[in-house]
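1. sequence and computational prediction follow.
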2 protein chains.
Amino acid sequence: MNEEELNLLLEELMPLIKERQYAQLYQRVRDLKPADIALLFEEVPMEDVILLFRLLPKDTAAETFVELEPDRQQKLIGAFSDAELKAVLDELYLDDTVDIIEEMPANVVRRIVQYSSPEMRQSINEILNFPADSAGSIMTIEYVDLDAAMTVDNAFEHIRETGWDKETIYTCYVIGTDRRLQGVVTVQQLLLCERCSTIGDIMDRNVISCKTTDNKVDVAQTLNKYDFLALPVVDNEERLVGIVTIDDAIDVLTDDATEDMEKMAAILPSEKTYLRTGVFETWKQRIPWLLLLMLSSTFTQKIINSAEDALSACVALTAFIPMLMGTGGNAGGQASVTVIRGLSLDEIGFSDWLRVFWKEFRVALFCGITLTVANFAKLLIFDHVTMTVAVVVCITLLVVVIFAKIVGCLLPIAAKRIGFDPAVMASPFITTIVDALALLTYFQVAKMLLHI
Amino acid sequence: MNEEELNLLLEELMPLIKERQYAQLYQRVRDLKPADIALLFEEVPMEDVILLFRLLPKDTAAETFVELEPDRQQKLIGAFSDAELKAVLDELYLDDTVDIIEEMPANVVRRIVQYSSPEMRQSINEILNFPADSAGSIMTIEYVDLDAAMTVDNAFEHIRETGWDKETIYTCYVIGTDRRLQGVVTVQQLLLCERCSTIGDIMDRNVISCKTTDNKVDVAQTLNKYDFLALPVVDNEERLVGIVTIDDAIDVLTDDATEDMEKMAAILPSEKTYLRTGVFETWKQRIPWLLLLMLSSTFTQKIINSAEDALSACVALTAFIPMLMGTGGNAGGQASVTVIRGLSLDEIGFSDWLRVFWKEFRVALFCGITLTVANFAKLLIFDHVTMTVAVVVCITLLVVVIFAKIVGCLLPIAAKRIGFDPAVMASPFITTIVDALALLTYFQVAKMLLHI
């Protein structure tokens, strides 16, 4: 459902809501997908949301609740009767419940925990104890487990009995009495294999799994690499404790890309979407780097001060400072962003640093020469500067572009090696370094050639 | 399998390969996942790749082939006997075959097409005719279709008979005699419903589908939004022609994020991974924007020239040019990158432009004031500049930060509105605009306050 469709639907529903036409409202909303009902709920007034929510079938209601933004969820929980809250909680998958709890204030959390079943409560606590970026924090404990001795028919029986409250039934995990993971079998295998055989015969014994403590981004990339629908999560004793499903993996990968972009733009990443983040929060995300980078420009300032006489001797030089710093920044930014993305997609490893360096060096050489030639022509034909000034500017340009690309490609790799976040080594950070070098080279070359 | 594991495996296998220990090699490679065998194949000499490839079971061989980089695929095809090529092609899914064909030179394509079955050939041509960024270009035509009149048992029979060559069997599509899409039913529903009922009773009649011509990124986001494993693709007569599966959707989303990052860094996006892209290709991706941005700095150059006398009258001013331009660029970059990402994730629409503007304006005000205060203190305490110069610099700083953030947030939205790519309106582009404005403001304020 896109923006127009949503607006049309709103125009259609609002009158019905005003006139309390429950029957018609139900007819109209019943067939919508939860994700779309959630979009709708974000637009209608809160009191109507509660009204509409009560019209929804139990399972749709729960799925819709999961899709809502935290603020709406909180308001809804506030409006729920204890019975309603319990009904919704009973329908939720554990991993969704945990996601919600993580967004709610303490008093709401207390109420949620109070109305979840004891086992549920225990599992919630276990998952909440995993670090925020770990596989454990995004796993669900609702999976289908089978016994190697089962026949395919037994397995289908077992799936029919236990599958109704599972997030996915398509990948089943074969575990022993010690809950150790013995193998994995898909429903596709079960459906297509000879019916007589046992699970032990058809299961894949060499299972790819992850630890509860593994980084969730690596886990998501593993799911993607092997085209799995789910990945089993084991504890340190290799016991199966949960699974990570593909839908959560996609969200992890999307959020990770967003975070990288934010870091590359000198922003502290946030969980919330742009429009849901308050002005003060946004300020807090952006001001630290702005301040740091602003103060770090003291270097360029000092360099220029020290070159005062050179500049006053040949004022023309000043005019090219922005071009030199800008081009350096762009050249370095190109290299760093490419390498940072390559690192986070595991296309580049530390061992590749020499290949990357050698490649960037040649690219830098070609880019530098192209730019220098173009600039030299421009300086002489359009800007009518003296030959010496043109030479000074162009030599600096070439040096800066080459240096910028090398710094741009090596800094992120080095950062990752020493456990820093490569994404932070992007354009803004590199620009500051390149700016300083650009000016140093510029004035050095100028002093030499202009005999200042 | 990570880098170390791969290297260990290589050390273990290379001797076996040298000594042609086929039996042991088979034992060792048999249990590896295709994605890992592909990693292995990228590292061993080509002649050994062919040797190892011939040891693989037919289906594993095909899956591995799909995971290989184009250059290896091409070399392998060159080494295949006609029978071998046919065997691999028979195992491939259509969408994978098409992906491979798109990467191969004409003579290889001719050979592939020659050895695919006539129907296959026709389907390949149809898919190749869809625009590269369309849903049609990433769809597969191997899906399970059911009839509404079937009982659940019939359905399972049908799946067992036809499912073996399908990429996914978990979402089945119910179509009428005219091949129009009537509904969708999942294997989970089939397994958990009453066995007596017919498909017509349990299928979901309000199906979310996409057109062959829809943009593949929108399609991938739809899959993600609704947590589907596959999305049906219909032609203009609403007839089912294929499905897009979740694994392809993930790749589309990842590539899209990478492309956005490249565009934001003033790089023309490429399909290939960094290390696989040649130096000349990389140069071609990067030089156009570098040139354009370099030449566009003519504006800043002219502005500085026009302010020559002001600068020579008060040389101290020059020292703060980098700080003013840098901070402006960073402030604008933060706003643009956030908005660009919001636009591509559909979190921001054109209708939000006023909200975005109002938010960025306030954020800019707070950031601007913080920076100005910090900078004012620094100028007086550490840089010992005159009060007037400090005031000139700080007024400019405030104006520039506010302007930068407003341009940064509005340009991408405007670009998207008029059908341009918002990602191009990122830092480098905005920096150029902000640089010019920073200097204009700077010298204007300076002339006024310093009475130059």
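-> Right, received. Where do you want to start?

2. can you tell me the element the nearest residue to residue A:93 once chain neighbours are set aside falls in?
-> In space, residue A:93 comes closest to residue A:167 once its chain neighbours are excluded; the distance is 5.0 Å by CB to CB, 6 or more residues apart in numbering or on different chains. C-beta: built from backbone N, CA, C; applies to glycine. Residue A:167 belongs to no helix or strand when elements are defined using DSSP states H and E.

3. residue A:167 contacts residue A:144, correct?
-> No - using CB atoms under 8 Å, residue A:167 is not in contact with residue A:144; the gap is 10.0 Å.

4. ramachandran coordinates for the residue nearest to residue A:427 when sequence neighbours are not counted?
-> Nearest residue to residue A:427 in three dimensions, chain neighbours excluded: residue A:333, at 3.4 Å (CB to CB, 6+ apart). With angles defined as degrees, to the nearest 10, residue A:333 sits at phi -60, psi -40.

5. phi first, then psi, for residue A:302.
-> Dihedral pair for residue A:302: phi -60, psi -40, per degrees, to the nearest 10.

6. separation between it and residue A:434?
-> 16 Å (CB to CB, to the nearest Å).

7. the two - which one has more neighbours?
-> Shown here are residue A:302 and residue A:434; by other CB atoms under 10 Å in any protein chain shown, residue A:434 has more neighbours (28 against 14).

8. what's the host helix or strand of that one packed up against?
-> Using DSSP H and E, residue A:434 falls within helix A:427-450. Contact here means 3 or more CB pairs under 8 Å, 6 or more residues apart in numbering or on different chains; DSSP states H and E; on that basis helix A:427-450 packs against helix A:279-296, helix A:298-306, helix A:308-313, helix A:321-344, helix A:387-417, helix B:321-344.

9. could you chop chain A up by domain?
-> Following automatic domain parsing, one finds the domains of chain A at A:3-129, A:144-245, A:279-450.

10. adding mean pLDDT as columns, could you present those in JSON lines?
-> Listed next are these as JSON lines, based on pLDDT from 0 to 100:
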{"stretch": "domain A:3-129", "mean pLDDT": "86"}
{"stretch": "domain A:144-245", "mean pLDDT": "91"}
{"stretch": "domain A:279-450", "mean pLDDT": "91"}
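
11. what about residue A:308, neighbour count?
-> With other CB under 10 Å as criterion, residue A:308 counts 13.

12. for residue A:309, see how far away the closest residue to it other than its chain neighbours is.
-> Counting by CB to CB, 6+ apart, residue B:315 is the residue found nearest to residue A:308 once chain neighbours are left out, at 5.2 Å. To residue A:309, residue B:315 is 9 Å away according to CB to CB.

13. these two: which has the busier surroundings?
-> Using other CB under 10 Å, the more surrounded residue of residue B:315 and residue A:309 is residue B:315, with 17 against 11.

14. wait, doesn't the more buried one sit right on residue A:307?
-> No - with contacts counted by CB under 8 Å, residue B:315 stays clear of residue A:307, the gap being 9.9 Å.

15. residues of the stretch 351-452 of chain A that sit close to chain B?
-> Neighbours of chain B within the stretch 351-452 of chain A, by CB under 8 Å from any CB of the partner chain: A:351-352, A:355-356, A:359, A:362-363, A:366-367, A:370-371, A:374-375, A:378, A:382-383, A:401, A:427-428, A:431-432, A:435, A:439.

16. please apply the same query to the stretch 101-250 of chain A.
-> Selection of the stretch 101-250 of chain A residues close to chain B by CB under 8 Å from any CB yields A:156, A:159-160, A:163-164, A:168-170, A:187-188, A:191-192, A:205-206, A:208, A:224-227, A:229, A:246-247, A:249-250.

17. phi and psi next, for the residue of chain A most remote from its centre.
-> What lies farthest from the middle of chain A is residue A:451; by CA atoms, centre = their mean that is 53.3 Å. Dihedral pair for residue A:451: phi 50, psi 50, per degrees, to the nearest 10.

18. quick check, pLDDT for it.
-> Residue A:451 carries a pLDDT score of 81 in this model.

19. quick revisit: got the contact list for the residue nearest to residue A:427?
-> Residues in contact with residue A:333 (CB atoms under 8 Å, 6 or more residues apart in numbering or on different chains) are A:408, A:426-427, A:430-431, B:265-266, B:427-428.

20. what does residue A:356 give?
-> By CB under 8 Å, 6+ apart, the contact list for residue A:356 reads A:339, A:348, A:409-410, A:413, B:274-275.

21. buried ones only from those residues, please, as a ChimeraX command.
-> ChimeraX command restricting those to the buried ones, with burial defined by 16 or more other CB atoms under 10 Å in any protein chain shown:
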select /A:339,348,409,410,413 /B:274
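
22. closest to residue A:182 out of the contacts of residue A:356?
-> Distance to residue A:182 across the contacts of residue A:356 (CB to CB) is lowest for residue A:348, with 36.2 Å.

23. now for the residue nearest to the closest one when sequence neighbours are not counted, how many residues are close by?
-> Nearest residue to residue A:348, sequence neighbours excluded (CB to CB, 6+ apart): residue A:342, at 3.7 Å. Using other CB under 10 Å, residue A:342 has 22 other residues around it.

24. wait, residue A:342 sits on residue B:277?
-> No - between residue A:342 and residue B:277 there is no contact under CB under 8 Å: 10.3 Å.

25. just the buried members of the residues of the stretch 101-250 of chain A next to chain B?
-> Among these, the ones that count as buried by 16+ other CB under 10 Å are A:156, A:159, A:163, A:168-170, A:187-188, A:191-192, A:208, A:224-225, A:227, A:229, A:246-247, A:249-250.

26. sort out for me which of these are in helices.
-> In this view, these that belong to helices under DSSP state H are A:156, A:159, A:187-188, A:191-192, A:224-225, A:246-247, A:249-250.
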